[in-house]
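1. please find the sequence and the predicted model below.
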Amino acid sequence: MSNMARGRDGMRLVRGAAFEMGADDFYPEEAPRRTARVDDFWIDEAPVTNREFRRFVEATGHKSFAEFAPDPADYPGMPPEMARAGSIVFAPPQGPVDLGGAPDWWSFVFGACWHAPLGPDSSIDGIEEHPVVHIAASDAEAYAEWAGKSLPTEAEWEYAARGGLAGASYAWGDELEPGGRAMAKIWQGIFPHDNRAPAGLERTSPVRSYPSNGFGLFDMIGNVWEWTRDSFGPPPAGDAPKCCGGSGSSVSAEGFAVRVTKGGSHLCAPNYCQRYRPAARWPQTVDTSTSHLGFRCIVRI
């Protein structure tokens, strides 16, 4: 029987199996490489798009996490003037910066949310087929419940991303750009100041713009990070991830759960954060939304 099949609208059936999960030769939080097993499941061909998320909001009246002002009681020491609704947006610097320091290319923008991804004066008009962003874990879970689906486990997500390629570094093989061909929406140029992407594609791109993997799935790598349902425990070796923040713990300093997100994003670059690989993982607190964080869903059989 084929390892994958198409039947549900916009989803692929992936046949479960044992596989080698993780990696020993990139970032320490990915180790050790070990055997995992998943059962059969359906998975979205692509990340949930702005169009699809808008349909959910119109049907349910859902108000996203970023559209609520944070409660100062949840964030001791937070300046009172920051208690306004908003989200974290990538703000490229004008020139080279110290990549070893704090990532100062982020800005908390009041009014930024899924339908205003750059702030109140922006919209999703013209980018309806781009992946929805500024999605907190609760938003992804609400959508999944409405759609009769679930968020994937880390193992399910990674198995799907590998597309049947056992042990390959990337979702398409062991070369980042085979024959010079870009295989995923990652950073073009020198991160974070030199963005050589075509006009209008400096951030996300429409889903399905790049080749699918061996299971017929698109954008498993790059474009946006994707939520899973799994907690991010202490890394089994070495330090916690540094490129994107995160404590390396399953609970943040404020007491919020930390989840595993997968796949990298359009901000991953060869000179910084080489997490455009199936084994890569990033710790994200459930109370956070950003301009490069989205999701896709599965249905377990």
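-> Received it, and whenever you're ready, just let me know what you need.
2. isn't there a helix covering residue 57?
-> Yes: assessed with DSSP: H, G, I helix; E, B strand; the rest coil, residue 57 lies in a helix.
3. counting neighbours, what do you get for it?
-> 18 (other Cβ atoms under 10 Å). In this view, the C-beta of every residue, glycine as well, is placed from N, C-alpha and C.
4. can you check the one 5 residues further on too?
-> Close neighbours of residue 62, defined as other Cβ under 10 Å, add up to 16.
5. again with residue 217
-> Counted with other Cβ under 10 Å, residue 217 comes out at 23.
6. and stretch 111-122, what's buried?
-> For stretch 111-122, a neighbour-count test (16 or more other Cβ atoms under 10 Å) marks 111, 112, 113, 114, 115, 116, 117, 118, 122 as buried.
7. so can I have CSV of those residues showing secondary structure, distance to residue 62 and pLDDT?
-> Below are the buried residues of stretch 111-122 laid out as CSV (DSSP: H, G, I helix; E, B strand; the rest coil; distance: Cβ to Cβ, whole Å; pLDDT from 0 to 100):
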residue, secondary structure, distance to residue 62, pLDDT
111, coil, 18, 98
112, coil, 17, 98
113, strand, 12, 98
114, coil, 10, 98
115, coil, 11, 98
116, strand, 15, 98
117, coil, 17, 98
118, coil, 21, 98
122, coil, 20, 98
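8. and of those residues, the nearest to residue 19?
-> Taking Cβ to Cβ as the measure, residue 114 is the one of the buried residues of stretch 111-122 closest to residue 19, at 33.0 Å.
9. in terms of contact, does that closest one touch residue 131 like I think?
-> No: contact criterion Cβ atoms under 8 Å: residue 114 and residue 131 do not qualify, at 10.3 Å.
10. who touches both of these two?
-> residue 50 (Cβ atoms under 8 Å, 6 or more residues apart in numbering).
11. list the helices and strands the strand or helix carrying residue 282 packs on?
-> Residue 282 belongs to strand 281-285 when assigned by DSSP states H and E. Packed against strand 281-285 by the contact rule (3 or more Cβ pairs under 8 Å, 6 or more residues apart in numbering; DSSP states H and E) you find strand 225-231, strand 258-262.
12. partners of the helix or strand that it is followed by in the sheet?
-> Beyond strand 281-285 in the direction of the C-terminus, DSSP H and E gives the next helix or strand as strand 293-294. Strand 293-294 has its sheet partners listed here by DSSP bridges as strand 225-231 (parallel).
13. quick one, the partner strand and strand 281-285 angle?
-> Here the directions of strand 225-231 and strand 281-285 differ by 80 degrees (axes from the mean of the first three to the mean of the last three Cα atoms, to 10 degrees).
14. how far off centre is strand 225-231?
-> Computed by Cα atoms, centre = their mean, to the nearest Å, the chain-centroid distance of strand 225-231 equals 8 Å.
15. sec struct for residue 109, please.
-> Residue 109 - assigned by three-state DSSP - is strand.
16. which ones are touching it?
-> 86, 87, 88, 89, 118, 119.
17. quick check: closest non-adjacent residue to the third one.
-> So the one you mean is residue 88. residue 290 (4.4 Å; Cβ to Cβ, 6 or more residues apart in numbering).
18. that neighbour contacts residue 103, doesn't it?
-> No: the pair residue 290 and residue 103 fails to qualify as a contact (Cβ under 8 Å) at a distance of 11.2 Å.
19. residue ranges with poor pLDDT in this structure?
-> Scanning the chain with the threshold set as pLDDT under 70 gives 1-7, 234-254.
20. and the helices in it?
-> Counting by DSSP state H, the chain has helices at residues 50-60, 137-146, 154-162.
21. centroid residue for this structure?
-> Closest residue to the average C-alpha location of the chain: residue 225 at 1.0 Å, with Cα atoms, centre = their mean.
22. any idea how far residue 206 is from that one?
-> 17 Å (Cβ to Cβ, to the nearest Å).
23. over to residue 166?
-> Residue 166 is 30 Å from residue 206, by Cβ to Cβ.
24. how about residue 280?
-> When residue 280 is compared with residue 206 (using Cβ to Cβ), they lie 23 Å apart.
25. who has more neighbours out of the two?
-> residue 280 (25 against 18).
26. now stretch 69-86 - C-alpha only, CSV.
-> Presented in CSV, the C-alpha positions along stretch 69-86 are these (Å, rounded to 0.1, in the frame of the first residue of the first chain):
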residue,chain,number,x,y,z
ALA,A,69,-4.3,43.1,26.2
PRO,A,70,-1.9,41.1,28.5
ASP,A,71,-2.7,41.1,32.2
PRO,A,72,0.2,42.7,34.1
ALA,A,73,-0.4,40.2,36.9
ASP,A,74,0.8,37.5,34.5
TYR,A,75,4.1,39.4,33.7
PRO,A,76,5.7,40.8,36.9
GLY,A,77,7.7,43.9,36.1
MET,A,78,6.0,44.6,32.9
PRO,A,79,5.7,48.4,32.2
PRO,A,80,2.0,49.4,32.5
GLU,A,81,2.2,51.1,29.1
MET,A,82,2.8,47.6,27.5
ALA,A,83,-0.5,46.3,28.7
ARG,A,84,-2.0,46.6,25.2
ALA,A,85,-3.0,44.1,22.6
GLY,A,86,-0.4,43.3,20.0
